[in-house]
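K.L.:
Give the three-dimensional model of this entry:
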Amino acid sequence: MKNTVGVIINSQNQKDLDKMLLNRSIHTVPIGGKYRLIDFTLSNMINSGISKLGVIGSYKYRSLVDHLGKGENWNLSSKSNDLSILHGGKNVKVGQITRINLQDFLDNIAFFLKIPSTTKYFVISGCNIVSNMDIKKAVHYHIDNDADITMIYKKDYEGEIYNNEISLCTGGGDGKEIKNILHCGEDGGDCKNVFMDMIIINKATFMDILENAQQSGAIDLLDVILKNLNSLKVIGYSYQGYIRIINSINSYFDCSMDLLNADTRKRLFFGDCMIHAKSKDNHPTKYSTQSRVKNSLIASGAKIYGTVENSIVSRGVVVEPGARVKNCIIMQKCIIRRDAVLVDAIIDKYVEITESKILVGTKEKPLVMEKDLVL
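P.N.:
The predicted structure is shown next:
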């Protein structure tokens, strides 16, 4: 995989994530107690043998730079410039969502021009995909089929369709070639093959597209692919494992609740390849004799004195005596005071829920509390 370069884009297919993105880019949205969304895509690339990566951030880049550092937690070397954090975040397709923004690539053209001459392929992926995928298999599939572009999709996607998802229509003699690209819900877009915001593309094809985009003003890579289905060999690769696109509060909440399922955790975290996270030295979680915990993920450094059920609790959280937390995601260093009640809620970092406060959402519409609040 030394001839392959990974590019993680600034995923713009977002809906109602505003409160969670006030102080961070979508790359660094916490999930699972100790992970960030980008950890999954980044780990998948590293585990597949891709050692040269570019990460396109947004204008809210501080959290991304702080999280990635020099890449040591993902076995990347700063000396050989394995990891490059690139600028991005422009969305110039007025009134619509730009799925894979060509302008972000053009703004960072120096990165693409300076990659090793031995590079033959790019793997382009969204930063908001929760999976444990062997990308090497998809790259070999791309090579074996002599494709120009391979689009990775999930057949019969198990997650809810909350946003402008893309459906791929395959056909032809072998059923591999992409015949159409539709928004789910359009005529023929029956959502059976949901595009997972991941593309493998030949370097020569990609550089030609960028050169033409400078002249034509093309904005979205998917639009370019759609217009060139007859001149390029575009095929689909069906991924069989667990995968979720996080682009809304509901998809985030649903995926988080999925992590409480032992089978889902086994598929994501206990395979041959690890999902790496930023390491932190914390003391073990402390439980009192009065605490009650059921079907929950509790990260290190937490102190649990109350009741936690069907919830994900991040590092450094304190749940005081008498407090009850159910069906919630509690992010880093929150404090849930005595006798407070939280149900179906997403609580961002450094929030304090005061004594005896009751906050109740629903599974269909969980409450979202933004960072640093005292309620």
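
K.L.:
How many neighbouring residues does the closest residue to residue 271 other than its chain neighbours have?
P.N.:
Distances taken as Cβ to Cβ, 6 or more residues apart in numbering put residue 132 closest to residue 271, at 5.6 Å, once the chain neighbours are dropped. C-beta here means a position set from N, CA and C on the backbone, and glycine is covered the same way. Using other Cβ atoms under 10 Å, residue 132 is surrounded by 20 other residues.

K.L.:
now swap in the one 10 residues further on and tell me
P.N.:
Burial of residue 142 is recorded as 23 neighbouring residues (other Cβ under 10 Å).

K.L.:
contacting residues around it?
P.N.:
121, 150, 200, 235, 237 (Cβ atoms under 8 Å, 6 or more residues apart in numbering).

K.L.:
List the ones among these that fall in strands.
P.N.:
121, 150, 200, 235, 237 (DSSP state E).

K.L.:
Out of those residues, the closest to residue 18 would be?
P.N.:
Nearest to residue 18 among the ones in strands among the contacts of residue 142, counting by Cβ to Cβ, is residue 200 at 32.0 Å.

K.L.:
Surely that closest one and residue 137 touch.
P.N.:
No - at 10.9 Å, residue 200 and residue 137 do not qualify as touching, with contact defined as Cβ atoms under 8 Å.

K.L.:
quick one: which of those two has more around it?
P.N.:
Neighbours per residue (other Cβ under 10 Å) separate residue 200 from residue 137, with residue 200 holding more: 25 against 12.

K.L.:
The more buried one bridge partners, please.
P.N.:
When bridges are called by DSSP bridges, residue 200 pairs up with residue 123, residue 150.

K.L.:
That one and residue 73, how far apart?
P.N.:
25 Å (Cβ to Cβ, to the nearest Å).

K.L.:
May I see the buried residues of stretch 234-254?
P.N.:
Residues 234-239, 242-254 are the ones in stretch 234-254 that count as buried (16 or more other Cβ atoms under 10 Å).

K.L.:
taking these one by one, which sit in helices?
P.N.:
Under the assignment DSSP state H, those contribute 249-254 to helices.

K.L.:
Could you list the low-pLDDT ranges of the stretch 1-150 of the chain?
P.N.:
77-81, 89-97 (pLDDT under 70).

K.L.:
residue boundaries of the helices in it?
P.N.:
For the stretch 1-150 of the chain, the helices defined by DSSP state H, counting those that start in this stretch cover 37-47, 62-68, 102-107, 109-113, 135-144.

K.L.:
Low-confidence ranges, the stretch 201-350 of the chain, go.
P.N.:
Judged by pLDDT under 70, no stretch of the stretch 201-350 of the chain qualifies at all.

K.L.:
Break down it into its helices, ranges please.
P.N.:
So, for the stretch 201-350 of the chain - with DSSP H, counting those that start in this stretch - the helices run 203-216, 221-227, 249-258, 262-269.

K.L.:
how far does the shortest one sit from the chain's center?
P.N.:
Going by Cα atoms, centre = their mean, to the nearest Å, the spacing between the C-alpha centre of helix 221-227 and its chain's C-alpha centre is 22 Å.

K.L.:
ok, and what's touching that helix?
P.N.:
Contacts of helix 221-227 (Cβ under 8 Å, 6+ apart): 99-102, 124, 149, 151, 166, 178, 180-181, 199, 209, 212-213, 218, 232, 234.
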